[in-house]
Structure formats: structure tokens, C-alpha cells
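need a structure here:
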Amino acid sequence: MPIVQGIIDTAPFPRLTQLVRSITVPSALTNPYAGVGYLAAVDTGKPAYGLKWSLETAPVNAGRNNRAVVEYEIKWLSLAVIYLLADASTFYGDSVLTGLNEGWILFTSGEPYQVGYDITPGFTVNFAWLIAP
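Sure thing, here's the model as predicted:
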């Protein structure tokens, strides 16, 4: 029996199938996004358990020419989850580098302080927080 079994069972993280998209909490998002910046994950009563992205626009000929583009030939999105420690220093947690046109990242270490993003020029993306209803 694994030593962490009881800890995982009592964790306050909801099941993945219970999460829904929200663009207003924990902070309002002004879609679409391009370039480099930070999404502030300010707690307003509903914590975010993850972040979902979906591609809005891409440059011409950036992807494969199938019926539906699933993955682009270049990695166009980079995300980094940033946590604020008790001594006011920052800690970079999970990160993502992807070429997928849609996906999500779950916050494995609790509520983040910010999520940094870097989007390749020519691409725009929509973000939505993953929250429990």
C-alpha cells in the first residue's frame, strides 16, 4: 500500500469531471491574449484549480493542412505557474511548452499567485480558469 494513499484521498482537489471554465473568477480575463505577460490569480472566493487555453488565431501555413489542426509545427505557447511563498519570494512550479491548439494545466501545488505566458508572434489565445462550480 502506498504511503500517500490517505493523503491523496483527503486532498481538497475536486475531480476533473467536476471542473468548469470561468473567465471571471478568480480574476477577470480579457481575451484574446498575445505576446508576453502574466495572468493574476487573485482569490475572490473561488480558487482556480487550473487554466484552459484555446487558440483563437494563427498565422497562415503555421500548421498541418488536415481537416482539423491538432498540433502546430512549432511550439507556440509557454506557460509557467508562479507561487508566492510565505516570505514573499516567488517559486516557479509547473510549466508547459506546447504546440497544441487546445489544452489545460492543473495547479498541483495549490493556488498560484500568477501564471506567466509567452505566445509566439502571430498567434492569439483565449484563457479560462478551471474552477469548481
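
alpha carbons only for contacts and neighbour counts from here, please
OK.

Pretty sure residue 48 sits against residue 111.
Yes: contact criterion CA atoms under 8 Å: residue 48 and residue 111 qualify, at 6.5 Å.

Same drill for the two, tell me which one is more crowded.
residue 48 (26 against 19; other CA atoms under 10 Å).

which neighbours do residue 48 and residue 111 share?
residue 41 (CA atoms under 8 Å, 6 or more residues apart in numbering).

Please pull out the lowest mean pLDDT helix or strand from the chain.
When each helix and strand of the chain is scored by mean pLDDT, DSSP states H and E, helix 5-10 comes last, with a mean of 49.

What's the separation between residue 117 and residue 13?
24 Å (CA to CA, to the nearest Å).

ditto for residue 33
Distance from residue 33 to residue 13, by CA to CA: 28 Å.

Give me the more crowded residue out of those two.
Neighbour tally, residue 33 and residue 13, criterion other CA under 10 Å: the higher count belongs to residue 33, 18 against 14.
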